[in-house]
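*Asks:* pasting the structure only:
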């Protein structure tokens, strides 16, 4: 077990009706005016926007609405929102949506207090020294952004999909009400399942130091995703399954399962970021394509852990059986496992490989993930 | 899954050599003078006291040493330390020791800013409105106190062993260096194992709402304790086993495994507190006696979970087999499973039952745990 620091000051308010506490929570934090970031106008149809507005109004906290944040969120939109936040003099950002909205909110919060262009913070040209406080009401469980300090945004000019991370960008409070997630589409549910599994396996398979207790925690998360995804596909109204799925999503990337591990990378995310940056595929759909392909290429580098995965999660014996079982499970729930299902063909390979050059450097994986290696992995997914 | 709030702002600094950061950490928090609470003088022999002093001196932070805190720590000592803290005008408490020292440190921190007698805070006569910041260097992994806000102290006059809990008593930073635990005696190692298992099973078995993901996390903790205790008995110098054991202790009671559960109690702790308050037995030793006895009495109220326990932890089928396996494991590692091993006989039962009247009320369990029920459980442990 390697030395580590664990610090996660985000307060999670989990459960039914908790979104109605948002005004009170902002008031407790002394917030005077807030930028309300959101995605599609759906939240105006389903009553969430009204409920949040009412809660803010009750506390006399004015808000500036900023909608239209898309999946694989864009830095151009973040820039616009920063301008709006400054112009309106808000002192906090409230995200109402899924991981894309929340990641944008973190970038807005950091960018609003940074003198230069916000993209500087993604490419190491600037440091996050401060950020406006971020609050969240989550409507989709997948990215884990509700309880970590990371934010992934795509630069629409350069087609780079990079991240920021800072002690200043932990949400102060994240409200996770599984009932708000009941209307998530079948597609986005299964993409989310793939995303949570990806967050879980990156460290699990690639860490040079991987404590057994951490492997057990990761397996607890994955087993829960395997079970509750099927329960939700059978019955989207199953609140308990929705809740356990959501909590698994939070635990998968709140730092807990990574404590004491070291020497790990995020190769699946590195590869997927090229797919979603270039072809705007849903992140989870990209990941379910990349993972089995990457696992087949990588398994020989950590055979014992791949056997453990097969045994603990699927009751099987060999590494290859475990990989095949995961792939088969992705097929069963209906998330893609082939590039062709994303509309990507052999002809697109050169562009993907070109985009991956920058990603590999950014992820610190350029030495291992040469163009040849990446081509081999991608061909596994053809 | 029930509604919950999860908030745990303690920063954990885990690993070798981390205790040498203590001066720097206190300086970061603006601490000017600190009360250094500790237990036996052993820390002066093994270099820890010197190392901590040097780190504080480097940062120019004066300290007032306050040693002599005992296992099953006493409110009389806490009162003395509060007087010292006030007299010396310290602005923080640093605990160097195990759970007893740290629990005392939390009580000192809260008591120093409370106008009345500190015991008021344990019996509901006063509220914790503030506390001095608490920092910890842990030398024994067992109680989980390093990452929670609870503190258990015994009133030496009334023989009551009660607890406080407040958002103000989370340690700001806890340093957990498994190497400092290498000299823990064989006895205290196995008592600690029993303590961690007790923290894990109280909710696991008694919660009316117990999400499956939380059961999986609890089983991850217990499986780690079962495995690493045996590794440490075979080789006390096994750093990795020591580290996983310590991290399991932290996770068992930092709120994580209890999130979303509800309707649970701490019956094993309730019963054990009478044993340690009256006979000063080590807390973990008392717990390993109480647990199998309590489990035999309780199992019929939650048969499915007891079967799950047998299956997941011991690969066995029935509830009774699981209980017997745990008891046998306690015997194997050398922690007691019978009251007689603690020097307690049938003649002591009336005094224990009398003490338990107050405990049962304090723990909110008086309705279920009548004198008859408690006598039945205790007789299982004869």
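*Replies:* Noted; the coordinates are in hand. All values derive from a computational prediction rather than experimental measurement.
*Asks:* Next, name the residue at the spatial heart of chain A.
*Replies:* residue A:143 (2.3 Å; C-alpha atoms, centre = their mean).
*Asks:* wait, is it part of a strand?
*Replies:* No. With DSSP: H, G, I helix; E, B strand; the rest coil as the criterion, residue A:143 is assigned coil and is not in a strand.
*Asks:* isn't it right up against residue A:194?
*Replies:* No. Taking contacts as C-beta atoms under 8 Å, residue A:143 lies outside contact range of residue A:194: 11.8 Å. C-betas here are computed from N, CA, C, even on glycine.
*Asks:* quick one on the thing from earlier: what's the neighbour count on the closest residue to the residue nearest to the centre of chain A other than its chain neighbours?
*Replies:* Leaving out its chain neighbours, the residue that sits closest to residue A:143 by C-beta to C-beta, 6 or more residues apart in numbering or on different chains is residue A:99, at 2.9 Å. Using other C-beta atoms under 10 Å in any protein chain shown, residue A:99 has 29 neighbouring residues.
*Asks:* Which residues are in contact with residue A:99?
*Replies:* A:140, A:142-145 (C-beta atoms under 8 Å, 6 or more residues apart in numbering or on different chains).
*Asks:* farthest-separated two in these?
*Replies:* A:140 and A:144 (11.4 Å; C-beta to C-beta).
*Asks:* Name the residue in those two with the higher neighbour count.
*Replies:* residue A:140 (25 against 22).
*Asks:* that older thread, can you list residues touching both of residue A:143 and residue A:194?
*Replies:* Residues touching both residue A:143 and residue A:194 by C-beta under 8 Å, 6+ apart: none at all.
*Asks:* Which residues belonging to the one helix or strand residue A:240 maps to are considered buried?
*Replies:* Using DSSP states H and E, the element containing residue A:240 is helix A:239-252. Within helix A:239-252, the residues scored as buried using 16 or more other C-beta atoms under 10 Å in any protein chain shown are A:240-252.
*Asks:* need those in TSV with pLDDT and distance to chain B, can you?
*Replies:* As requested, these are arranged in TSV below (pLDDT from 0 to 100; distance: C-beta to the nearest C-beta, whole Å):
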residue	pLDDT	distance to chain B
A:240	98	6
A:241	98	9
A:242	98	9
A:243	98	4
A:244	98	5
A:245	98	9
A:246	98	9
A:247	98	6
A:248	98	6
A:249	98	11
A:250	98	9
A:251	98	8
A:252	97	11
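*Asks:* can you give me the strands in chain A?
*Replies:* Secondary structure of chain A, counting by DSSP state E: strands at A:4-6, A:11-14, A:34-38, A:63-66, A:92-97, A:134-138, A:150-155, A:160-165, A:173-176.
*Asks:* Looking at the ones you listed, which is nearest to residue B:285?
*Replies:* Across the strands of chain A, closest to residue B:285 is strand A:4-6 (C-beta to C-beta), at 30.1 Å.
*Asks:* Note down every partner strand of that closest one and its orientation.
*Replies:* Applying DSSP bridges to the sheet, strand A:4-6 is found paired with strand B:11-14 (antiparallel).
*Asks:* Let me see the mean pLDDT of the strand it pairs with.
*Replies:* Taken as a whole, strand B:11-14 carries a mean pLDDT of 98.
*Asks:* so how far does stretch A:109-120 reach from one end to the other?
*Replies:* By C-alpha to C-alpha, to the nearest Å, the extent of stretch A:109-120 from end to end equals 14 Å.
*Asks:* Can you get me a residue count around the closest residue to residue A:49 other than its chain neighbours?
*Replies:* Excluding the flanking residues, the one nearest residue A:49 by C-beta to C-beta, 6+ apart is residue A:43, at 4.5 Å. Applying other C-beta under 10 Å, we find 22 residues neighbouring residue A:43.
*Asks:* what's the answer for the one 3 residues further on, then?
*Replies:* Residue neighbour count, defined by other C-beta under 10 Å, stands at 13 for residue A:46.
*Asks:* what's the closest non-adjacent residue to it?
*Replies:* Per C-beta to C-beta, 6+ apart, closest to residue A:46 is residue A:183, 6.5 Å.
*Asks:* just checking, the one you found touches residue A:47?
*Replies:* No. Residue A:183 lies out of contact with residue A:47 (C-beta under 8 Å); the separation is 10.9 Å.
*Asks:* between the two, who's got more neighbours?
*Replies:* Neighbour totals were compared for residue A:183 and residue A:47, and residue A:183 leads with 14 against 10 (other C-beta under 10 Å).
*Asks:* Can you tell me how far that one is from chain B?
*Replies:* Note on residue A:183: its distance to chain B, by C-beta to the nearest C-beta, to the nearest Å, is 19 Å.
*Asks:* Residue A:21 too?
*Replies:* 10 Å.
*Asks:* What's the local residue count around that residue?
*Replies:* 16.
*Asks:* Point out where the stretch 51-200 of chain A drops to low pLDDT.
*Replies:* By pLDDT under 70, the stretch 51-200 of chain A has no low-scoring segment.
*Asks:* Please, where are all the helices along the stretch 101-250 of chain A?
*Replies:* Ranges of helices within the stretch 101-250 of chain A are A:186-206, A:212-234, A:239-252, based on DSSP state H, counting those that start in this stretch.
*Asks:* closest to residue B:334 out of these?
*Replies:* The nearest among the helices of the stretch 101-250 of chain A, by C-beta to C-beta, is helix A:212-234 at 23.0 Å.
*Asks:* orientation of the closest one relative to helix B:239-252 in degrees?
*Replies:* Compare the direction of helix A:212-234 with that of helix B:239-252 by axes from the mean of the first three to the mean of the last three C-alpha atoms, to 10 degrees and you get 40 degrees.
*Asks:* What angle do helix A:186-206 and helix A:212-234 make with each other?
*Replies:* Per the same axes, to 10 degrees, the angle that helix A:212-234 makes with helix A:186-206 is 170 degrees.
*Asks:* Flag every buried residue along helix A:212-234.
*Replies:* Residues A:212-229, A:232-233 are the ones in helix A:212-234 that count as buried (16+ other C-beta under 10 Å).
*Asks:* ok, and which of the residues you listed reach chain B?
*Replies:* Among the buried residues of helix A:212-234, the ones lying near chain B by C-beta under 8 Å from any C-beta of the partner chain are A:212-213, A:216-217, A:219-221, A:223-224, A:227.
*Asks:* Farthest-apart pair in these, please.
*Replies:* Across those, no pair lies farther apart than A:212 and A:227, at 22.2 Å, counting by C-beta to C-beta.
*Asks:* list the contacts for the residue lying closest to residue A:1 once chain neighbours are set aside?
*Replies:* Setting aside the residues directly before and after it, residue A:1 is nearest to residue B:243 in space (C-beta to C-beta, 6+ apart), at 3.7 Å. With contact set as C-beta under 8 Å, 6+ apart, residue B:243 has these partners: A:1, A:211, A:260, B:14-15, B:178.
*Asks:* Next, format these as JSON lines and append distance to residue A:374.
*Replies:* JSON lines is the format used below for the contacts of residue B:243 (distance: C-beta to C-beta, whole Å):
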{"residue": "A:1", "distance to residue A:374": "32"}
{"residue": "A:211", "distance to residue A:374": "30"}
{"residue": "A:260", "distance to residue A:374": "30"}
{"residue": "B:14", "distance to residue A:374": "35"}
{"residue": "B:15", "distance to residue A:374": "35"}
{"residue": "B:178", "distance to residue A:374": "39"}
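*Asks:* Return the closest of the residues you listed with respect to residue A:280.
*Replies:* Nearest to residue A:280, judged by C-beta to C-beta, of these is residue A:260 at 36.5 Å.
*Asks:* my guess is that closest one meets residue B:247, correct?
*Replies:* Yes. Here residue A:260 reaches residue B:247: they are 6.4 Å apart, a contact under C-beta under 8 Å.
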